[in-house]
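# Below are the sequence and a predicted model; questions follow.
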Amino acid sequence: MSTALWLLAIQGTLGAFDTLYYHEWRARLPARVPGTRPELMLHAARDFLYALLFGSLPWLAWRGAWAAVLALVVATEIVITLADFVVEDRVRQPLGGVFPGERCTHAVMAILYGAVLAHLVPEVLAWWHLPTGLVLAPAPIPESLRLVLGLMAVGVFGSGLRDLYAALQLPGGGWPWPVEEVRAP
């Protein structure tokens, strides 16, 4: 589990970079609703799942039937990411497409996520055979990593709220960017 969590922290760092630099700064997705709504809704859903992973895996063992719930969370995240690959191509056409560097960042993140899963799946399979329960069982990682993952959980949850707020076109949802309505084709 230790290796999975270190890799997850790297994934979170790349995800934060992708969100802050490409989604916020370069594309200004929250200011371009309703055209960017489909992408923002997917980002929000994925962010909430990542918040659950970052916040729980350093602390909890998902045992028995809970292992199946965790597997469903991971599978849902994968489906959302695949849908996002398709949706962002359509949504970003009016903006000139997905930035080349962003596409490369996504590829690296996909490879890294595969490495996370390679280390997480054996843990989940072991938990599956234990009595059902969400058990406080802190992973054998440095407290500093546990803290970073906790902060990432809070950050990605906040990012999900921001994307959801903007997607719903609530007042000030595009802040700090001026509203630039772009409609998806």
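Sure, I can see it.

# which residues of the chain score low on pLDDT?
The chain contains residues with pLDDT under 70 at 180-185.

# Excluding chain neighbours, what is closest to the most far-flung residue of the chain relative to its centre?
Using Cα atoms, centre = their mean, the residue of the chain lying farthest from its centre is residue 131. It sits 29.1 Å away. Closest residue to residue 131 apart from its sequence neighbours, by Cβ to Cβ, 6 or more residues apart in numbering: residue 64 at 5.5 Å. (C-beta placed from N, C-alpha, C; glycine too.)

# what's the burial count for that neighbour?
Neighbours of residue 64 under the rule other Cβ atoms under 10 Å: 17.

# returning to that earlier point: could you verify that the residue farthest from the centre of the chain is part of a strand?
No. Under the criterion used here (DSSP: H, G, I helix; E, B strand; the rest coil), residue 131 is coil, not part of a strand.

# since we're on residue 72, how many residues are nearby?
Residue 72: 10 neighbours (other Cβ under 10 Å).

# host element of it?
helix 65-91 (DSSP states H and E).

# got it, and residue 135?
Assigned by DSSP H and E, residue 135 falls within strand 133-136.
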